[in-house]
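Visitor: Take this sequence and fold it.
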Amino acid sequence: MIRLLISDDSAFMRIAIRKMVESEPDIEVVGEAKTGQMCVEMARELRPDVITMDVEMPVMDGLEATRQIMATSPCPIIMLSSLTERNSVTTIRALELGAVDFIAKKSSFVQLDIVQIGADLVEKLRYWAKKKTRVSTLQGLSSASAGPKTVGTPAAARQLRTVPNGPGAGLVVLAISTGGPATLPMVLKSMGRLPCPMVIAQHMPPMFTSGFASHLRSECGLDVMESTDQMELKPGMVVIVKGGTDVVVREPFPGKLMLYQKTDPNAGIHPNADVLFRSAAATSCPVIAVVMTGMGSDGMLGVKDLLARKNAHVLAQDPESCIVDGMPASTINAGLASAVLAPAEIGTRLSRLCVNRTNPSFKTAV
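Guide: Numbering: from 1, shown residues only. Purely as a prediction, here's the structure:
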């Protein structure tokens, strides 16, 4: 039985969430909190398997409640966030503090799509209840400087590809999903400014990526921005693909990289890393692909296409340091990774691999 604690200052939403799950035989609502402070106390007393957390609450907001719960009685927290810029920034901060997932809801109760949100919520409750022990183990991820120590399969036992020394990369493409807001800052901080552009496909809905980019820019001091159609990619740029869309990289003439919005109707999730990686394969510059924490296997097929055309470095996040290891594990298990690293180590490796060296075939546009 999955023990659920609901935290929301709105009686309507507490009733709505209860109705969303009451017909499920494996989910039991064990408590309802009207404030963040109540939620912290009830989490300590009831030890729920999962908590749904509203972003804005009186006395103590969802942000501070998440921080305290993850410090004292950690368990999976799913944020319920209205589709507003203010709430998206707060939600991203909560994810960085240890919340594992979020569900976007429309601002008006009249517009609330209970059927859609309910199906999404039940699926996530079941998933994260199974991951409760793992979430508790990784609760320090957001504050660790180098990520958890590797305790999984030794690197020597993995089938890692060998990539010979070559010219510095002209482009970095990165795939990341669940766990990204907590993990990505660690990569960027240890990486520093690159002499080439970086494009990141972070699975997020519209409205959230703009705030996420602003948060990363403030947190890491890098030139982080949300993508726009027909954007020219320049050295040092870190581009977060606009939520709900896909992008492709094009090279209209040697040395000039452009980003175009081109949502793929066949892609199962957006932004889609496979779409991004496949487009990077067509450029003339050396490319580095990175696959990090997330559900599913997005990025793995794109890496295959990239490697069919380039002997590229493929850095995968060590599964033991992931909130969810599906994406990097699929790349590692397919024998596509050239290195398996903790988040901060990925940043350090990127800074080394992207150092400018003589490359007669490509020069990054300035």
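
Visitor: for stretch 211-218, which positions count as buried?
Guide: Residues of stretch 211-218 classed as buried by neighbour count (16 or more other CB atoms under 10 Å): G211, F212, A213, S214, H215, L216, R217. Every C-beta, even on glycine, is put in place using the N, C-alpha and C of the backbone.

Visitor: L160: which of the residues you listed is nearest?
Guide: Among the buried residues of stretch 211-218, L216 lies closest to L160 (CB to CB), at 29.0 Å.

Visitor: Against I269, how distant is the closest one?
Guide: Separation of L216 from I269 (CB to CB, to the nearest Å) stands at 21 Å.

Visitor: Outline the domain layout of the chain.
Guide: Domain ranges of the chain: 2-137, 155-353, per automatic domain parsing.

Visitor: What strand or helix carries the residue lying closest to R217 once chain neighbours are set aside?
Guide: Distances taken as CB to CB, 6 or more residues apart in numbering place V224 nearest to R217, at 4.1 Å, with adjacent residues excluded. Using DSSP states H and E, V224 maps to strand 223-226.

Visitor: Please point out which parts of stretch 38-48 sit buried.
Guide: Quick answer for stretch 38-48 (16+ other CB under 10 Å): M38, C39, V40, E41, M42, A43, L46, P48.

Visitor: Now secondary structure, distance to P25 and pLDDT too, for those, in TSV please.
Guide: What follows is the buried residues of stretch 38-48, written out as TSV (DSSP: H, G, I helix; E, B strand; the rest coil; distance: CB to CB, whole Å; pLDDT from 0 to 100):
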residue	secondary structure	distance to P25	pLDDT
M38	helix	27	97
C39	helix	25	97
V40	helix	29	97
E41	helix	29	97
M42	helix	23	98
A43	helix	24	97
L46	helix	20	97
P48	coil	18	97
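
Visitor: Distance to S136 for these - can I get that in a markdown table?
Guide: As requested, those are exported to a markdown table (distance: CB to CB, whole Å):
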| residue | distance to S136 |
| --- | --- |
| M38 | 22 |
| C39 | 17 |
| V40 | 16 |
| E41 | 19 |
| M42 | 17 |
| A43 | 12 |
| L46 | 15 |
| P48 | 13 |
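
Visitor: Assess the claim that K262 and V247 are in contact.
Guide: Yes: K262 lies in contact with V247 (CB atoms under 8 Å); the separation is 6.7 Å.

Visitor: Compare these two and say which is more crowded by neighbours.
Guide: A direct count of neighbours by other CB atoms under 10 Å for K262 and V247 places V247 higher, at 25 against 13.

Visitor: what's near enough to touch that one?
Guide: By CB atoms under 8 Å, 6 or more residues apart in numbering, the contact set of V247 is V199, A201, S227, V241, L259, Y260, Q261, K262, P271, V275, L276, S279.

Visitor: end to end, how far does stretch 265-281 reach?
Guide: 20 Å (CA to CA, to the nearest Å).

Visitor: Do you have the helices of the stretch 151-300 of the chain handy? List them.
Guide: 180-191, 208-220, 273-280, 300-309 (DSSP state H, counting those that start in this stretch).

Visitor: what angle sits between the shortest one and helix 300-309?
Guide: By that I understand helix 273-280. Per axes from the mean of the first three to the mean of the last three CA atoms, to 10 degrees, the angle that helix 273-280 makes with helix 300-309 is 20 degrees.
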